[in-house]
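> 3D, please:
(chains A, B, C and D)
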There are 2 protein chains.
Amino acid sequence: MPSDPSPRIAAGHETPPAPEAITWQTIRARALSRLRSGAWAPGELIPNEAALATEFGCARATVNRALRDLAEAGYLERRRKAGTRVVRNPVRKATLSIAIIRDEIEAGGHSYEYRLLSRRMAPPPRAVQDALGTNTHPCLHACALHLADGIPRVHEERWVDPGGAPGLMEVDLATTGANAWLVENVRYTEGTLSLSAAAAEAHIAAHLGCAPGSAVFVLERVTRMRETAITWVRMTYAPGYRMTTAI
Amino acid sequence: MPSDPSPRIAAGHETPPAPEAITWQTIRARALSRLRSGAWAPGELIPNEAALATEFGCARATVNRALRDLAEAGYLERRRKAGTRVVRNPVRKATLSIAIIRDEIEAGGHSYEYRLLSRRMAPPPRAVQDALGTNTHPCLHACALHLADGIPRVHEERWVDPGGAPGLMEVDLATTGANAWLVENVRYTEGTLSLSAAAAEAHIAAHLGCAPGSAVFVLERVTRMRETAITWVRMTYAPGYRMTTAI
DNA sequence: GAGAATATAATGTCTGCACATAATAGCCCT
DNA sequence: AGGGCTATTATGTGCAGACATTATATTCTC
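Model (predicted):
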């Protein structure tokens, strides 16, 4: 989201309404109100940049900035030559901030604890192989627990391709969380993320301190860095977890 | 996300590497590679725009565009006068596209069917009152089922504040889905969204055709339009559902 | 030395202009 | 008609210069 700190917070007590400078945020707000009011109806073509610039009394670049922002937000669809169209079914985009578990827990005012459960080399199961795009060669398999105030909150199961993150193989995972290491050392990665609900498997339930079969929130993530697969993780949250965001 | 269609797809077969125009994407790529390589280390201050413009041989505005984009993506933190700093713990931002169920189902190549289960006026439970910020006055309560190829996929429970969306009260919900109506008539809304896992309640399980207590994915959403609460919805997805996104 | 006033440096944004790019619309030719 | 070339048009982006906005740094005052 672009910063939008409402550029003008009223000037003095003398000056009437103040001429109000024309920033791109102004234009965006005016455009958005036309969208909300229906003046620019769904599917319709809106006036071109030059026309709007004239109408609003600003440079075309300013209109461009505003409309580009609305397009990024999913309200408008822009195509060269074809013009700018109001999107019919605005696909709402929710932005989830995937924080580091430790930060998330500490931000909630709890003490954080990390506990390594297991660590071994093994060929990953088929599903993980597919996700990582690797062969059947052995990978590092590690399980761990994240606790808040001593209470288990998240179970982490991870497969690491040794080729993708060489340094990680030497790290003492008992003290440094794999996630923390990766964030520090293999930054700026890409990947995919999937959220789902599942019945807790017995051994995970045992670690999380809930009944086997309990409904648990599961986050699976594949991390890559420029084509190279690095790691596959499955985070299983203890029952009651909610992931929240503004929309 | 800004569009980034790799502006230049090689010119001819004769011209060597082609001078390669300096676009803001170029600058962004070069900056990002410095981030990845560690040349610009976490927490560090990077050179200012003017310096980079000189170095890259472009206008300051171009550098600005590139750095602004990286800041939006969460890699950099920029403050006037203070300069531009590399973010220490880049909080990954996953963008979920919340599509309309119908679109989602039809996009998957399935036939879509909507079935209204119930509709009545009643005072909402306390939790919903809080979420909507309304009083105890009666609201519309509607339950419905979304089916793909005749198989139940999502159960929808909804509370609508009559004050927030007057027109909706008159709509024949049996034929028009509440969601569809809202998208068509009350666009450009805001709200909050929360994702969780839950054990399917008996009556919902019955509708979804799964065992009571099955782990189901639940999406709750409160929709507002400029302070006015409009609706609270809980979507319960049939077991097996996954919400996926690139990161 | 503490606090307030002031200078300064970095980013934010506007303007006006130019050209690049992409896609539609129209034309021409067969 | 049909197919392909060309003209046109709306958006995308670059540049240089200017001013606005905001913190930080510095200096001044008591």
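> alpha carbons only for contacts and neighbour counts from here, please
OK.
> Now residue A:144: closest residue in space, sequence neighbours ignored.
With sequence-adjacent residues excluded and distances taken as CA to CA, 6 or more residues apart in numbering or on different chains, residue A:144 is closest to residue A:116, at 4.3 Å.
> and what of residue A:34?
Nearest to residue A:34 is residue A:40, by CA to CA, 6+ apart, at 5.7 Å.
> What are the buried residues along the helix or strand of chain A with the lowest mean pLDDT?
One helix or strand of chain A scores below all others by mean pLDDT, DSSP states H and E: helix A:178-185, with a mean of 74. Within helix A:178-185, the residues scored as buried using 16 or more other CA atoms under 10 Å in any protein chain shown are A:178-179, A:182-183.
> now swap in stretch A:234-247 and tell me
Residues A:234-239, A:241-242, A:244, A:247 are the ones in stretch A:234-247 that count as buried (16+ other CA under 10 Å).
> quick one, what contacts residue A:196?
Applying CA atoms under 8 Å, 6 or more residues apart in numbering or on different chains to residue A:196 gives the contacts A:217-219, B:197, B:217, B:240-243.
> so which of those comes closest to residue B:69?
residue B:243 (26.5 Å; CA to CA).
> excluding its backbone neighbours, what's nearest residue A:206?
Residue nearest to residue A:206 in three dimensions, not counting chain neighbours: residue A:212, with 7.3 Å by CA to CA, 6+ apart.
> quick revisit: after the helix or strand hosting the residue nearest to residue A:144 comes which helix or strand?
If you go by DSSP states H and E, residue A:116 is part of strand A:112-122. Counting by DSSP H and E, the next helix or strand C-terminal to strand A:112-122 is helix A:126-132.
> elements contacting the host helix or strand of residue A:235?
Counting by DSSP H and E, the element that carries residue A:235 is strand A:228-237. The elements that strand A:228-237 packs onto, with contact taken as 3 or more CA pairs under 8 Å, 6 or more residues apart in numbering or on different chains; DSSP states H and E, are helix A:126-132, strand A:151-160, strand A:215-225.
> quick revisit: can you name the two of the contacts of residue A:196 that sit furthest apart?
Between any two of these, the greatest separation by CA to CA is 13.6 Å, found for A:219 and B:240.
> quick one: the strands in chain A?
All strands of chain A, identified by DSSP state E, fall at A:45-46, A:76-79, A:83-86, A:92-98, A:112-122, A:139-148, A:151-160, A:190-199, A:215-225, A:228-237, A:242-246.
> remind me which residues of chain A are low pLDDT?
For chain A, applying pLDDT under 70 flags the ranges A:1-20, A:187-188.
> and stretch A:168-177 with chain B, contact?
No: using CA under 8 Å from any CA of the partner chain, stretch A:168-177 stays clear of chain B, coming no nearer than 14.5 Å.
> neighbouring contacts of that stretch?
For stretch A:168-177, contacts defined as CA under 8 Å, 6+ apart pick out A:114-116, A:140, A:162, A:178, A:181-182.
> Tell me, how many residues neighbour the residue of chain A found nearest DNA strand C?
DNA strand C sits closest to residue A:23 of chain A, with a gap of 2.6 Å, by CA to the nearest atom of the strand. For residue A:23, the count of nearby residues is 15 (other CA atoms under 10 Å in any protein chain shown).
> Contact residues of chain A facing DNA strand D?
Proximity of chain A to DNA strand D (CA under 7 Å from any atom of the strand) is limited to residues A:5, A:7-8, A:47-50, A:61, A:64, A:68, A:78-84.
> Pull out the buried residues from the residues you listed.
The neighbour-count test (16+ other CA under 10 Å) marks A:48-49, A:64, A:68, A:78, A:84 as buried among those.
> Now the two most distant members of the residues you listed.
Using CA to CA, those span at most 12.5 Å, a distance reached by A:48 and A:68.
> In helices, which of the residues of chain A next to DNA strand D fall?
Judged by DSSP state H, the subset of those located in helices is A:49-50, A:61, A:64, A:68.
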